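S.K.: What follows is a predicted structure for the sequence shown.
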Protein chains: 2
Amino acid sequence: MIRITLIGSGNVAQHLIKTFTKSELVEIVQVFSRKKETLASLIEFDKIVNDFEDLKEADLYIIAVSDKAIADVSKQLPFQNRIVVHTSGAASLDVLDSKNRKGVFYPLQTFSKSKEIDFSTVPLCLEAENTFDFRVLETVAKSISNAVFAINSDQRKALHVAAVFVNNFTNHLYQIGQEICEEHQVPFEVLKPLIKETAEKINTLDPVDAQTGPAKRHDSNTIEAHLEYLTKENQKNIYKILTQSIQDNGKTF
Amino acid sequence: MIRITLIGSGNVAQHLIKTFTKSELVEIVQVFSRKKETLASLIEFDKIVNDFEDLKEADLYIIAVSDKAIADVSKQLPFQNRIVVHTSGAASLDVLDSKNRKGVFYPLQTFSKSKEIDFSTVPLCLEAENTFDFRVLETVAKSISNAVFAINSDQRKALHVAAVFVNNFTNHLYQIGQEICEEHQVPFEVLKPLIKETAEKINTLDPVDAQTGPAKRHDSNTIEAHLEYLTKENQKNIYKILTQSIQDNGKTF
């Protein structure tokens, strides 16, 4: 049994609490939340603390707070030489105070309060300063997920930037698709099977081989007609720059 | 039994042949292909013709050729007053020669030769000039798909442009994600669960409510770090314009 303490009360912290509660290899010792009530529905109330001095000994402390707050929280921990990790894709290992043994436990997924996540498919990207600490993180990670990876800080940075493209930006393109539909009284539902298939296709084809459409075909008539049809400047600009990028694919910039 | 003739031998034509062959409500009378061999593995060879004069009578002729070729093919048909439809999202009803009864049978999905499609979930967008013709199209469409919609020419144009955003452009963002991973020796596999979840999330949340990330949070430190980390100009430009568009969301342009 690995004894874990979670620090934080946001989306990631809450999903981790729910998931660890189900794991038989892990025991949640305590959770830290400034407002105890936030987590009251997720865990026994006497395990929730809001004073760092009340933190008991644990094998692993997981700091799941906003990127800006990680350094400060790790400084305030009233102990040393224990394993303390953060869950951020963007923060380096070094934002953690070096009085403790530093590590990263980064779940690469998009979390919403209102949607349950099957953690068994969430990639967990782990980093530690030595093999023993890594094994602890790995044991914990494998107890909740089938997709566990050793990812160093530079690789994690790459993943974080890439995730912005495939998640944040992709979702914004969905939003534009919905706006265009609404403007012309078409149900957005009609596009959902296409969105699903687009995402599934890359399991069997590399994205570059899955590319279709007027940009790829250099079909300038259709491209011009689309640009004329669009009414919003941001949509036109995004259309132009992504069309250009598809067409220039492979060339050096 | 509705008797159908298909004209064309590309991706869409081939997927339609496979699908109609399985349907019990529809009979394929003939298929037209300039090179008969292209379709030889899909249908009895004596049903394949390469001369318009050899076309027999059918209830419905489906022209599944490139957008540019639709007008010419429809002109060459040696009969009149029959139902002739095209399968294009971009072409208007009027590119079809008016000697026949015009219509559209637009499957809104991304088709690859190398990947099978479950047609029952493919949205079929139908348009016809009168109720009788529409009912014929609808009967045929419902025999292969559970997602059949009446979509007029303006709506179809909106769908086609929106599809470029949610399919073509999204797939290009996947490609950029893969490029960033490869540049930093991270397996692209790590991102696939995120891609899947991003696409699934919009079944329960509107895209605007599913939006997360540094742009949405106006987290300028992370945005600057990402822009510095990216090495290619097209990636930087796409990052900037999509970040701006997410942040300006809701404002008028």
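M.R.: That came through, no problem. The structure displayed is predicted, hence computed values, not measured ones.

S.K.: quick one: secondary structure of A:Glu182?
M.R.: Of the three states, A:Glu182 takes helix according to DSSP: H, G, I helix; E, B strand; the rest coil.

S.K.: ok, and the closest non-adjacent residue to it?
M.R.: Computed as C-beta to C-beta, 6 or more residues apart in numbering or on different chains, the closest residue to A:Glu182 that is not its neighbour in sequence is A:Phe188, at 7.2 Å. Every C-beta, even on glycine, is put in place using the N, C-alpha and C of the backbone.

S.K.: Which residues lie in contact with the one you found in this structure?
M.R.: A:177-178, A:181-182 (C-beta atoms under 8 Å, 6 or more residues apart in numbering or on different chains).

S.K.: Likewise for A:Asp94?
M.R.: With C-beta under 8 Å, 6+ apart, A:Asp94 has these contacts: A:Lys102.

S.K.: Kindly report the same for A:Thr87.
M.R.: A:12, A:16, A:62-64, A:104-107.

S.K.: Can you list the low-confidence ranges for the stretch 1-150 of chain A?
M.R.: Across the stretch 1-150 of chain A, nothing is flagged by pLDDT under 70.

S.K.: Out of the contacts of A:Phe188, which is nearest to chain B?
M.R.: A:Gly177 (4.1 Å; C-beta to the nearest C-beta).

S.K.: What ranges does chain A have for its strands?
M.R.: Secondary structure of chain A (DSSP state E): strands at A:2-7, A:26-32, A:48-49, A:60-63, A:83-86, A:101-107, A:124-128, A:148-150.

S.K.: Quick one, which of these gets closest to chain B.
M.R.: strand A:148-150 (5.8 Å).

S.K.: in the closest one, what counts as buried?
M.R.: A:148-149 (16 or more other C-beta atoms under 10 Å in any protein chain shown).

S.K.: Neighbouring strands - and their directions - for it?
M.R.: Using DSSP bridges, the strands paired with strand A:148-150 in its sheet are strand A:124-128 (parallel).

S.K.: just the strands of chain A: most buried one?
M.R.: Of all the strands of chain A, strand A:83-86 has the most neighbours on average by mean count of other C-beta atoms under 10 Å in any protein chain shown, namely a mean of 27.

S.K.: Show me the contact partners of that strand.
M.R.: Here strand A:83-86 has contacts from A:59-65, A:70, A:74, A:77, A:95-97, A:100-105, A:128, A:133, A:136-137, using C-beta under 8 Å, 6+ apart.

S.K.: all helices of the stretch 101-250 of chain A, in order?
M.R.: With DSSP state H, counting those that start in this stretch as the criterion, the stretch 101-250 of chain A has helices at A:131-142, A:153-163, A:170-183, A:192-201, A:207-210, A:214-217, A:220-229, A:233-247.

S.K.: Can you tell me which of those is nearest to A:Val29?
M.R.: Among the helices of the stretch 101-250 of chain A, helix A:131-142 comes nearest to A:Val29, with 12.9 Å by C-beta to C-beta.

S.K.: near chain B, anything from the closest one?
M.R.: No. Figure legend: helix A:131-142 not in contact with chain B (C-beta under 8 Å from any C-beta of the partner chain); closest approach 13.1 Å.

S.K.: counting contacts, what elements does that helix pack onto?
M.R.: strand A:2-7, strand A:60-63, strand A:83-86, strand A:101-107, strand A:124-128, strand A:148-150 (3 or more C-beta pairs under 8 Å, 6 or more residues apart in numbering or on different chains; DSSP states H and E).

S.K.: how about that helix as PDB, C-alpha atoms only?
M.R.: What follows is helix A:131-142, C-alpha atoms only, in PDB (Å, rounded to 0.1, in the frame of the first residue of the first chain):
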ATOM      1  CA  THR A 131      15.300   5.300  -9.900                       C
ATOM      2  CA  PHE A 132      13.800   4.600  -6.500                       C
ATOM      3  CA  ASP A 133      11.500   7.600  -6.600                       C
ATOM      4  CA  PHE A 134      10.600   6.800 -10.200                       C
ATOM      5  CA  ARG A 135       9.500   3.300  -9.200                       C
ATOM      6  CA  VAL A 136       7.200   4.700  -6.500                       C
ATOM      7  CA  LEU A 137       5.600   7.000  -9.100                       C
ATOM      8  CA  GLU A 138       5.300   4.200 -11.600                       C
ATOM      9  CA  THR A 139       3.600   1.800  -9.100                       C
ATOM     10  CA  VAL A 140       1.100   4.500  -8.200                       C
ATOM     11  CA  ALA A 141       0.600   5.400 -11.900                       C
ATOM     12  CA  LYS A 142       0.100   1.800 -13.000                       C
END
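
S.K.: what residues does that helix touch?
M.R.: Contacts for helix A:131-142 (C-beta under 8 Å, 6+ apart): A:2, A:4, A:25-26, A:59-60, A:83, A:85, A:101, A:103, A:105, A:124, A:126-128, A:148, A:150.

S.K.: and what of stretch A:202-217?
M.R.: Outside stretch A:202-217, the residues touching it (C-beta under 8 Å, 6+ apart) are A:198, A:201, A:222-223, A:226, A:242-243, A:246-247, A:249, B:90, B:110, B:112, B:114-115, B:164, B:167-168, B:171-172, B:174-175, B:177-178, B:192, B:195.

S.K.: Setting aside sequence neighbours, what's the nearest residue to A:Leu124?
M.R.: That would be A:Ala141: by C-beta to C-beta, 6+ apart, it lies 4.2 Å from A:Leu124.

S.K.: Could you check how many residues crowd around the one you found?
M.R.: A:Ala141 has 20 neighbours, counted by other C-beta atoms under 10 Å in any protein chain shown.

S.K.: Same question for the one 4 residues further on.
M.R.: Around A:Ser145 sit 20 other residues, with neighbours defined as other C-beta under 10 Å.

S.K.: mind checking how far the closest residue to it other than its chain neighbours is from A:Lys142?
M.R.: Nearest in space to A:Ser145, with sequence neighbours left out and distances taken as C-beta to C-beta, 6+ apart, is A:Leu124 at 4.9 Å. For A:Leu124, the distance to A:Lys142 equals 8 Å [C-beta to C-beta, to the nearest Å].

S.K.: do A:Asp133 as well
M.R.: Taking C-beta to C-beta, one finds A:Asp133 at 15 Å from A:Lys142.

S.K.: And those two? Which one has more around it.
M.R.: More crowded of A:Asp133 and A:Lys142, by other C-beta under 10 Å: A:Asp133, with 20 against 15.

S.K.: From B:Ser245, how far out is that one?
M.R.: 41 Å.

S.K.: How about A:Glu228?
M.R.: Taking C-beta to C-beta, one finds A:Glu228 at 20 Å from B:Ser245.

S.K.: what does A:Cys181 give?
M.R.: For A:Cys181, the distance to B:Ser245 - C-beta to C-beta - is 17 Å.

S.K.: How about A:Leu137?
M.R.: According to C-beta to C-beta, A:Leu137 and B:Ser245 sit 37 Å apart.

S.K.: Who has more neighbours out of A:Glu228 and B:Ser245?
M.R.: Between A:Glu228 and B:Ser245, counted using other C-beta under 10 Å, B:Ser245 has the larger neighbour count: 22 against 9.
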